[in-house]
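*Asks:* just need the structure, nothing else, for what follows:
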Amino acid sequence: MNRLENIAAAIFGMTFLLLALLVALETVMRKVFNTSLQGVDELGGYILASSAALAMAVALVSRAHIRIDLLHDFAPRWLRIGLNILAMAALLACAIMLARMAWIALDESILFTATAQTPWATPLRYPQSAWFMALGLFVAVSVFQLVRILLLALRGDWSGIDRVYGPRGAKEELDEEIESLKQRSGADEMPPDDTRRAGGAS
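*Replies:* Model (predicted):
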């Protein structure tokens, strides 16, 4: 799952960098040469739609979907487990409905050979296929997560369900930010005080 996050982060970075370069080029061409690529906004819409669908899967893996945890930590364990399973089942149902609507749109575009009402006249089956595949990944990740939480429940691993599927609390987010800050600053690679003093004395 961490590999999925890294791959998605690379895809996000490259696509949005490309989009930013195209927007900059479009701006320069309009201001300097009084001409336009006539389609950057269209391409941006396709990128945003596909990236948003892919981000849903990444957010599920990293537990970034918003959940109201006001009462979660104060509920008894059996209720917390039930709420976590219900949350995963609801996300799966949402993913399936979104993918189904995307498939309906894609199927109609293929049937009628629909094109975008833009200067590019892009055949809609291509961007909609990317959108549908991204939502399909969201469905696949949701199925995996639901099966995993059910297996943990069958094994009676209640603490594992709380840890992996419970809503992220403020303390957990703070700990992750501190750990990330340490990694960025290279604090973990610094030698202990005793080693530095020994090196200085020598």
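*Asks:* after the lengthiest helix in the chain, which helix or strand is next?
*Replies:* Longest helix in the chain by number of residues, with DSSP state H as the criterion: helix 77-112. Downstream of helix 77-112, the first helix or strand assigned by DSSP states H and E is helix 125-155.
*Asks:* buried residues in that following helix?
*Replies:* Across helix 125-155, burial judged by 16 or more other CB atoms under 10 Å covers 125, 127-139, 141-142, 145-146, 148-149, 152-153. The C-beta positions use only the backbone N, C-alpha and C, and glycine is treated the same way.
*Asks:* what's the angle between that helix and helix 77-112?
*Replies:* Angle, helix 125-155 to helix 77-112, by axes from the mean of the first three to the mean of the last three CA atoms, to 10 degrees: 160 degrees.
*Asks:* average pLDDT across helix 125-155?
*Replies:* Taken as a whole, helix 125-155 has an average pLDDT of 93.
*Asks:* which strands and helices sit next to that helix?
*Replies:* Contact partners of helix 125-155 among helices and strands, from 3 or more CB pairs under 8 Å, 6 or more residues apart in numbering; DSSP states H and E: helix 40-61, helix 77-112, helix 158-165.
*Asks:* the inter-axis angle of that helix versus helix 158-165?
*Replies:* Using the same axes, to 10 degrees: helix 125-155 against helix 158-165 is 160 degrees.
*Asks:* now the angle between helix 40-61 and helix 125-155, please.
*Replies:* Angle between the axes of helix 125-155 and helix 40-61 is 10 degrees (criterion: the same axes, to 10 degrees).
*Asks:* from the chain's centroid, how far away is helix 125-155?
*Replies:* 12 Å (CA atoms, centre = their mean, to the nearest Å).
*Asks:* on that earlier part again, looking at the helices and strands packed on helix 125-155, which is buried most?
*Replies:* Ranked by mean neighbour count, those are led by helix 40-61 with a mean of 18 (mean count of other CB atoms under 10 Å).
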